[in-house]
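Chemist: Sequence unavailable; structure follows:
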């Protein structure tokens, strides 16, 4: 790998953009899910509940796929930056394991919060978004097979 600090800056900027996109997806998905579940669980017609449940399932799938795609790009860029730093800035590494060790050694106030920060946010959010999809499947099944549950 040839030293090119302009390329390094471009990759670093792209990594930041992937990281920003990565966390916009769950926020937008939660907004959509709240709206769709207000229809699916509200005083709506059976058809409205079915459509809202199907859209919620699709939103969950699309969100998990997109967050995974952004995470994959962010990881690829972070790995490239780590290798570049190892080659050209051996005493000043800010990506990869060096950053992770520094982050994990930091405390944010209290054992519970520190423990929560040890969890992978990517995994927590993908599981959470998947749970929304599973609840949507449940609401769909209840709507189709036991519509009296909703009154």
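Modeler: Here it is on my side, so go on. This is a predicted model, so every value here is computed, not measured.
Chemist: Grab the nearest non-local neighbour of residue 51.
Modeler: Nearest in space to residue 51, with sequence neighbours left out and distances taken as CB to CB, 6 or more residues apart in numbering, is residue 39 at 8.0 Å. For glycine as for every other residue, the C-beta is placed from the backbone atoms N, C-alpha and C.
Chemist: my read: residue 11 touches residue 81, true?
Modeler: Yes: at 6.0 Å, residue 11 counts as touching residue 81 under the criterion of CB atoms under 8 Å.
Chemist: thinking again about what came up before, what about the residue nearest to residue 51, which SS state?
Modeler: Judged by DSSP: H, G, I helix; E, B strand; the rest coil, the three-state class of residue 39 is helix.
Chemist: check contacts around residue 52.
Modeler: Residues in contact with residue 52 (CB atoms under 8 Å, 6 or more residues apart in numbering) are 36-37, 39-40, 44.
Chemist: Remind me which helix or strand it belongs to.
Modeler: helix 46-88 (DSSP states H and E).
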